[in-house]
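J.: need a structure here:
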Amino acid sequence: QVQLVESGGGLVQAGGSLRLSCAASGRALSSDAMGWFRQAPGKEREFVAAISWVGVITKYADSVKGRFTISRDSAKNTVNLQMNGLKFEDTAVYYCVAGGGTTTVAVQPLYWGQGTQVTVSS
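T.: Numbers count the residues shown, from 1 in each chain. Okay, the predicted model is just below:
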């Protein structure tokens, strides 16, 4: 089993920045991609970003391209999401995910964290 714990959420004004982090524990995520989903109030969960095991391949939702950057430290089993230029519509609970390749983790990840709240004030 894999446990994912997010940190770094909070309240920020529109145009500001936040950095989310996720630490994985349990079995080693050897060759597993990691990523982030989010769920806004009244909406379905949606894919945000994913990164391959060695960090070479990254994927982003169109809505965050150019503003968010995903990175990981495979030796430490951590993944980060740097969010710049935040907009009101980025307000959501952000979930760390892992499991499978970058395509799998972007569609149906195997493991989910508990989520961290990001609130952007307009």
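
J.: would you map the helices across the chain?
T.: 102-107 (DSSP state H).

J.: so for it, the centremost residue is which one?
T.: residue 36 (2.3 Å; CA atoms, centre = their mean).

J.: can you tell me how far that one sits from residue 122?
T.: 22 Å (CB to CB, to the nearest Å). Any C-beta I mention is one placed from the backbone N, CA and C, and that applies to glycine too.

J.: go on, residue 100?
T.: Per CB to CB, residue 100 is found 36 Å from residue 122.

J.: in terms of neighbours, single out the busier of the two.
T.: Neighbours of residue 100 and residue 122, each counted by other CB atoms under 10 Å, are more numerous for residue 100; the result is 18 against 9.

J.: in stretch 69-84, what's buried?
T.: Neighbour counts over stretch 69-84 (16 or more other CB atoms under 10 Å) mark 69, 70, 72, 74, 77, 78, 79, 80, 81, 82, 83 as buried.

J.: wait, stretch 109-122
T.: Buried positions in stretch 109-122, judged by neighbour count with 16+ other CB under 10 Å: 109, 111, 113, 115, 116, 118, 120.

J.: and for stretch 18-36?
T.: 18, 20, 21, 22, 23, 24, 29, 32, 33, 34, 35, 36.

J.: and the lowest-mean-pLDDT helix or strand in the chain, what does it pack against?
T.: Least confident helix or strand, the chain: helix 102-107 with a mean of 88, by mean pLDDT, DSSP states H and E. Judged by 3 or more CB pairs under 8 Å, 6 or more residues apart in numbering; DSSP states H and E, the packing partners of helix 102-107 are strand 34-39, strand 46-51, strand 58-60.

J.: re the thing from before, from the buried residues of stretch 18-36, pick the one nearest residue 44.
T.: Using CB to CB, residue 36 comes nearest to residue 44 of the buried residues of stretch 18-36, at 15.1 Å.

J.: can you map out the strands along the chain?
T.: 2-7, 10-13, 18-26, 34-39, 46-51, 58-60, 68-73, 78-83, 92-98, 111-112, 116-121 (DSSP state E).

J.: report the separation between residue 107 and residue 87.
T.: Taking CB to CB, one finds residue 107 at 25 Å from residue 87.

J.: neighbour count winner among these two?
T.: Neighbour count, other CB under 10 Å: between residue 107 and residue 87, residue 87 has more, with 14 against 10.
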